[in-house]
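*Asks:* Generate a structure from the sequence data that follows.
(one chain, ligands or ions: 1)
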Amino acid sequence: MKLLAPITIGDQTLKNRMVMAPMTRSRADSHGVVTPLTTLYYQQRASAGLIISEGLNISSQAIGLPFTPGIYTPEQIAGWKKVTTAVHEADGRIFAQLWHTGRAAHSANKNGELPVAPSAIAIAQQQVYTTGGWSSFETPEELSHAAIQQVIRDYRQATIHALEAGFDGVELHGAFGYLPNQFLSAGANNRTDEYGGSIENRSRFTLEVMMQLTDIAGPGKAGIKLSPSILYHGIADSDPVALYSYLLRELDKMPLAYIHLMQPMFPIDEFDRYPKDVTAAFGHLIHHPLIINAGYTRDTAEQILQEGKAQLVSFGALFLANPDLPERFRLNTALNEPDRERMYSGGDEKGYTDYPFLEN
Ligand SMILES: Cc1cc2nc3c(=O)[nH]c(=O)nc-3n(C[C@H](O)[C@H](O)[C@H](O)COP(=O)(O)O)c2cc1C
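*Replies:* Take a look at the predicted model:
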């Protein structure tokens, strides 16, 4: 199986092409520090060719949801060091996903501080989970030009911290309506300075952040996750193909480890302008390894690799529920079902580290 064949990204050889997709599990302590259970959770999944960590808040400003871990305090870095050590001891590789939620956040989850965003436009028709229950999104505070420069420096510092914590590389969370996606989306960004307006201007933030990540991490150690056809968190654009074509052409010039693209995931039949297959729309623009994601199974993943449309496939829910997913794919055996009630919370091992391995 091609899925189980090694591949080299940058100067690192991965033992297979199965990537564990980044998954927020909301199990850090109230200071954003991960616990020994998190170390065990990732170590259990070290047979993935590459693990991408859950989103790590790059600063306190970046926080959107309760109990999500950070990478900006010494205690947080020390917690992640234990995780990366355990993954490496199990012969795995792990990248850190760097996260800033922007307007997809709530002040109740961040000590009363209002969320920040490219523009003061709230997410409509969706709710956000807070420690006090579900709530409407607030109108975020517009980032000043100087504040944008500070966020870019925070991403740079987070990359330094991630490497200090022993991660093998970093991934920018540029998908699913979080901060970089908000800058890209005309519906969330009505700025009139060089970070808003034209496609080039709306892409500037993401490109400047990626320049920092590649500068610090070095060639082949920084990737980016994008979701060109996902309208979640109020994301909307009049010409997503032109936008992502420009962005991907520019990203392709950088010394990246990979580009990680999500397929639409939600029904988009009524939105003709959004590509239904992102590999068909954008694959020709990408010369780095392409990780494809969302909804793949053993067979559809193997097929897309065989067709040469992607080089790796990431699996979210399947890795969450099956710590030994590569071995299960090799044997073509039964899979555990994910416990959806416990995806984002729990506090103990249930639905986290208690998914059974295959019995020998
Ligand atoms: C519990 C859960 C948490 C997630 N958290 C993140 C996250 O922190 N960062 C991210 O980029 N995607 C996140 N995702 C999306 C996954 O990375 C992936 O894109 C999605 O699950 C689709 O892949 P799948 O069909 O293989 O599950 C999350 C998904 C799940 C199920």
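
*Asks:* mind listing the strands for this structure?
*Replies:* Using DSSP state E, the strands of the chain run over residues 7-9, 12-14, 18-20, 50-57, 94-99, 116-117, 127-130, 133-136, 141-142, 169-173, 222-226, 258-262, 290-293, 312-315.

*Asks:* as a whole number, average confidence for the last one?
*Replies:* I take that to be strand 312-315. In this model, strand 312-315 has a mean pLDDT of 98.

*Asks:* What number of residues are in the vicinity of the residue of the stretch 201-350 of the chain at minimum distance from the ligand?
*Replies:* Per CB to the nearest ligand atom, Gly316 is where the stretch 201-350 of the chain lies closest to the ligand, at 2.6 Å. In short, each C-beta sits where N, CA and C put it, glycine included. Neighbouring residues of Gly316 were enumerated by other CB atoms under 10 Å; the total is 21.

*Asks:* Ok, Pro115 next?
*Replies:* Summarising burial for Pro115: neighbours were counted as other CB under 10 Å, giving 26.

*Asks:* Can you tell me the number of residues neighbouring Ile199?
*Replies:* Quick note: Ile199 (other CB under 10 Å) scores 17 neighbours.

*Asks:* 121 is where my numbering starts, stick with that
*Replies:* Done: numbering now begins at 121, and the last item shifts to Ile319.

*Asks:* show me the contacts for it.
*Replies:* With contact set as CB atoms under 8 Å, 6 or more residues apart in numbering, Ile319 has these partners: Asp359, Ala362, Leu363, Tyr366, Leu367.

*Asks:* Would you mind measuring from the residue nearest to Asn310 when sequence neighbours are not counted to the ligand?
*Replies:* Counting by CB to CB, 6 or more residues apart in numbering, Ser239 is the residue found nearest to Asn310 once chain neighbours are left out, at 4.8 Å. Distance of Ser239 to the ligand, given as CB to the nearest ligand atom, to the nearest Å: 23 Å.

*Asks:* same deal with Ala306?
*Replies:* From Ala306 to the ligand the distance is 22 Å (CB to the nearest ligand atom).

*Asks:* Now do the same contact list for the residue nearest to Asn310.
*Replies:* In this structure, Ser239 makes contact with Pro260, Glu262, Ala308, Asn309, Asn310, Arg311, Gly316, judged by CB under 8 Å, 6+ apart.

*Asks:* May I have the predicted confidence score for it?
*Replies:* Predicted confidence (pLDDT) at Ser239: the value is 98.

*Asks:* Next: Pro387.
*Replies:* Reported pLDDT at Pro387 in the predicted model: 88.

*Asks:* The one 4 residues further on now?
*Replies:* If you check Phe391, the pLDDT there is 90.

*Asks:* Distance from the chain centre to stretch 336-348, please.
*Replies:* Remark: stretch 336-348 is offset 10 Å from the chain centroid, using CA atoms, centre = their mean, to the nearest Å.

*Asks:* where does this protein have low pLDDT?
*Replies:* In the prediction, the chain carries residues with pLDDT under 70 at positions 466, 480.

*Asks:* Show me what from the stretch 271-420 of the chain comes close to the ligand.
*Replies:* Among all residues of the stretch 271-420 of the chain, those adjacent to the ligand (criterion: CB under 6 Å from any ligand atom) are His293, Ala295, Lys345, Met382, Asn413, Ala414, Gly415, Tyr416.

*Asks:* Dump the contacts of Ile319 to JSON lines, plus neighbour count.
*Replies:* Putting the contacts of Ile319 into JSON lines (neighbours: other CB atoms under 10 Å) gives the following:
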{"residue": "Asp359", "neighbour count": "12"}
{"residue": "Ala362", "neighbour count": "12"}
{"residue": "Leu363", "neighbour count": "18"}
{"residue": "Tyr366", "neighbour count": "18"}
{"residue": "Leu367", "neighbour count": "25"}
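
*Asks:* Return the subset of those lying in helices.
*Replies:* Among the contacts of Ile319, DSSP state H puts Ala362, Leu363, Tyr366, Leu367 in helices.

*Asks:* Tally up the residues packed near the closest residue to the last one other than its chain neighbours, please.
*Replies:* Spatial nearest neighbour of Leu367, excluding adjacent residues (CB to CB, 6+ apart): Ser323 at 4.7 Å. Applying other CB under 10 Å, we find 22 residues neighbouring Ser323.

*Asks:* Equivalent analysis for Lys202, please.
*Replies:* As a burial measure, the neighbour count of Lys202 was computed by other CB under 10 Å and equals 18.

*Asks:* which ones are touching it?
*Replies:* Val154, Pro156, Thr159.

*Asks:* Which one (most neighbours) among those residues?
*Replies:* Each of the contacts of Lys202 was scored by neighbours using other CB under 10 Å; the highest score is Val154's, at 25 neighbours.

*Asks:* That residue against Thr144, yeah?
*Replies:* No: shown here, Val154 and Thr144 do not form a contact pair, counting by CB atoms under 8 Å, at 12.0 Å.

*Asks:* what number of residues lie near the nearest residue to Asn136 once chain neighbours are set aside?
*Replies:* Taking CB to CB, 6+ apart as the measure, Asn136 lies nearest to Gly169, with 4.1 Å between them; neighbours along the chain are not counted. The number of residues packed near Gly169 is 25, by other CB under 10 Å.
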